[in-house]
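> Structure here, sequence nowhere to be found:
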């Protein structure tokens, strides 16, 4: 009888041990899976934000480059310059969309720098607007206003880049 009772107790301890081992394994796997999912989500979020920041920078730089090229063309030919300037102005709506995407996807800390960047670009375009309307490219007041807007734009662009880089570095760690 003692051997039978010992066998029952042995089997009970085996079942309890197996159950506890299974429960501990399940808990460990669940924790590991949760950690992996969080890491994957952070990596995905970082990549989406990176692409969004890059989209804004690319659209801003495309518009800025098109405006600069149109001003160079305007010095050579008024008609061709006006045509290319109109093309440059058509690049502004994608800049607005890209800025809105940063505000949607990015953290709150990048909303203001993104808005400042689009506003600085619009200030450059506004400073060039009199030339689109046919004013002289040699007007010193217009040249000074344009150069001031370009300088402010460069500063704002640098601040946006630094903010985006800082945020992406934090997200990577």
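That came through, no problem. Here the structure is a predicted model, which means the values were calculated and not measured.

> Checking the spatially most central residue of the chain next. Helix, strand or coil?
Note on the chain: the residue nearest the mean C-alpha position is residue 53, at 2.2 Å, using C-alpha atoms, centre = their mean. When classified by DSSP: H, G, I helix; E, B strand; the rest coil, residue 53 comes out as helix.

> doesn't residue 107 make contact with it?
No. Using C-beta atoms under 8 Å, residue 53 is not in contact with residue 107; the gap is 10.9 Å. C-beta here means a position set from N, CA and C on the backbone, and glycine is covered the same way.

> how about the helices in the protein?
With DSSP state H, the ranges of helices along the chain come out as 2-76, 78-89, 92-105, 108-132, 140-172.

> for those, which one ends up most surrounded?
helix 108-132 (a mean of 19; mean count of other C-beta atoms under 10 Å).

> residues in contact with it?
Outside helix 108-132, the residues that touch it by C-beta atoms under 8 Å, 6 or more residues apart in numbering are 53, 56, 60, 63-64, 67, 71, 74, 82, 85-86, 88-89, 92, 95-96, 99, 102-103, 106, 137, 139, 142, 145-146, 148-150, 152-153, 156-157, 159-160, 163-164, 167.

> How far does it sit from its chain's centre?
17 Å (C-alpha atoms, centre = their mean, to the nearest Å).

> Taking helix 78-89 as reference, get the angle to that helix.
Per axes from the mean of the first three to the mean of the last three C-alpha atoms, to 10 degrees, the angle that helix 108-132 makes with helix 78-89 is 160 degrees.

> Quickly note the distance from residue 156 to residue 57.
12 Å (C-beta to C-beta, to the nearest Å).

> Now residue 107: phi and psi?
Main-chain torsions, residue 107, degrees, to the nearest 10: phi -70, psi 170.

> and it, what does it touch?
Residue 107 touches 49, 167, counting by C-beta under 8 Å, 6+ apart.

> do the same with residue 69
Going by C-beta under 8 Å, 6+ apart, residue 69 touches 84, 88.

> please redo it, this time with the cut-off set to 10 Å
81, 84, 85, 87, 88 (C-beta atoms under 10 Å, 6 or more residues apart in numbering).

> which among the residues you listed gets closest to residue 45?
Distance to residue 45 across those (C-beta to C-beta) is lowest for residue 88, with 33.6 Å.

> Roughly how far does the closest one sit from residue 63?
On the measure of C-beta to C-beta, residue 88 and residue 63 end up 6 Å apart.

> again, but for residue 141
Counting by C-beta to C-beta, the gap from residue 141 to residue 63 is 24 Å.

> Low-confidence stretches in this protein?
1, 170-173 (pLDDT under 70).

> Identify the contacts common to residue 53 and residue 107.
Joint contacts of residue 53 and residue 107 (C-beta under 10 Å, 6+ apart) are 163, 167.
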